[in-house]
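Student: the following comprises the amino acid sequence and a computationally predicted model.
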Amino acid sequence: MPAILSDPPASFGGVFTDIETGRLLLRPLHEADRQAMVDIHTDPRTNRFHPDPPDVPRASAMFSAWLTHWAEHGFGYPAVVERGGTEVIGTCGVRLREFHGEKVLNLGYRFRPSAWGKGYAVEAGQAVLEWCARELPSLPVLASVNVANKPSLRVAERLGFTEYTEELYEGAMSRHYRR
């Protein structure tokens with residue numbers, strides 16, 4: 001698990017509020033989203049490239065850590081729903097972390113299999129990156145992707161990331177992209 005910073009950077013910007021894209025709504029995470037996020041993060045299909053997929057207690061603990069990050073920093077991994085819908089179909093956002101001694105924003109995205117192949121990760125990712133550029137411009141954004149996860153690698157590249165380094169990370173050979 002990456003180190004998460006406890007203090008916001010001096011250049012901390014505004015608080016994340018709802019973002020609407022053409023098809024999606026990204027909104028702050030709430031306790032009511034716990035079951036949806038646990039379901040998404042424990043689904044074997046969403047973990048096929050994860051060397052140590054979380055079980056329900058670990059996914060619930062991750063969710064609790066995400067809520068804490070939201071409370072401390074005013075942003076994090078938001079819930080993603082289709083505009084006009086109510087079902088949480090995924091998450092796409094950033095959290096503070098330290099990578100090789102540098103403060104960065106970690107871009108994370110994960111969607112229900114029913115949402116795959118629709119371009120939602122790229123659409124949500126673009127909205128998040130625009131928010132980062134506006135609100136936290138002094139912090140670089142990184143995306144860490146298992147090298148075997150071709151769909152996720154394509155998402156990072158479509159979002160304008162360039163390869164930064166490749167190394168063993170969280171139990172898998174990963175490509176770290178930077179923007």
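Tutor: Perfect, thanks for sending it. Residues are numbered from 1 along each chain as shown.

Student: the lowest-mean-pLDDT helix or strand in the chain: partners in the sheet, and parallel or antiparallel?
Tutor: Here the helix or strand of the chain ranked lowest by mean pLDDT, DSSP states H and E is strand 162-169, holding a mean of 89. Note on strand 162-169: by DSSP bridges, its sheet partners are strand 172-178 (antiparallel).

Student: give me the contacts around the strand it pairs with.
Tutor: 49-51, 99, 140-148, 153, 156-157, 161-169 (CB atoms under 8 Å, 6 or more residues apart in numbering). C-beta here means a position set from N, CA and C on the backbone, and glycine is covered the same way.

Student: can you give me the buried ones in the helix or strand hosting residue 68?
Tutor: Assigned by DSSP states H and E, residue 68 belongs to helix 56-73. For helix 56-73, a neighbour-count test (16 or more other CB atoms under 10 Å) marks 59-60, 62-63, 66-67, 69-70, 73 as buried.

Student: in CSV, list those residues along with distance to residue 176 and pLDDT.
Tutor: CSV is the format used below for these (distance: CB to CB, whole Å; pLDDT from 0 to 100):
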residue, distance to residue 176, pLDDT
59, 23, 97
60, 27, 98
62, 20, 96
63, 24, 98
66, 21, 97
67, 26, 96
69, 20, 94
70, 24, 94
73, 22, 93
